[in-house]
Every structure is written in C-alpha cells, then in structure tokens.
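let's see this in three dimensions:
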Amino acid sequence: MLNAFGQILCVDRNSASVGIIMSNAHSCSLSGDGDIISYWVYDVFVGNELITQIPQNFMERMSSDENEKNTK
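Numbering: from 1, shown residues only. Purely as a prediction, here's the structure:
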C-alpha cells in the first residue's frame, strides 16, 4: 500500500492506493556533497498505472492474518 507521499507519485489522478509489486527490488543510489545514499526501489502497478522505481520507504506493508482465531 502506498503511504501518503507515495500516492503523490500517481500522476494519473489515480485514486487507488494499493498496488502490485511487479519487479524485484533494485538498488539505487544518489550522490551529492561527497555523501552516497542507497535505497531500494520497486516497479509497482497501481490502479491502471505502472509506476517505476518507487522507493521502499514510500510503501507500507499490507498483510493478511489468516489465523482462524483472528476474528477481525
């Protein structure tokens, strides 16, 4: 699920916030002022739009608890 900042990347006025990860993680890096910042990115299909290189920290993990004792 995209967090609020990740939803800004949906340029097609897409109201969906849940996507399907379409690629393995890719390592990206930025350099500036002698510092190098590395982070993981994914290609994610959200609604009707493929968004490439979404940083991992723009996404929130969704999980389903299929434990039969969980009534929520």
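
can you give me the strands for the chain?
Per DSSP state E, the chain carries strands over the ranges 19-21, 26-32, 35-46, 49-55.

which of those sits closest to Gln7?
strand 35-46 (8.5 Å; CB to CB). Heads up, the C-betas are built off the backbone N, CA and C, glycines and all.

from Gly19, how far off is the nearest residue to Ala16 once chain neighbours are set aside?
Leaving aside its sequence neighbours, Ala16 sits nearest to Gly47 (CB to CB, 6 or more residues apart in numbering; 3.5 Å). Per CB to CB, to the nearest Å, Gly47 is found 8 Å from Gly19.

check His26 too.
Separation of His26 from Gly19 (CB to CB) stands at 16 Å.

mind listing the residues bridging to Cys28?
Residues in a beta bridge with Cys28, per DSSP bridges, are Tyr39.

so where's the protein shaky on pLDDT?
9-15, 17, 62-72 (pLDDT under 70).
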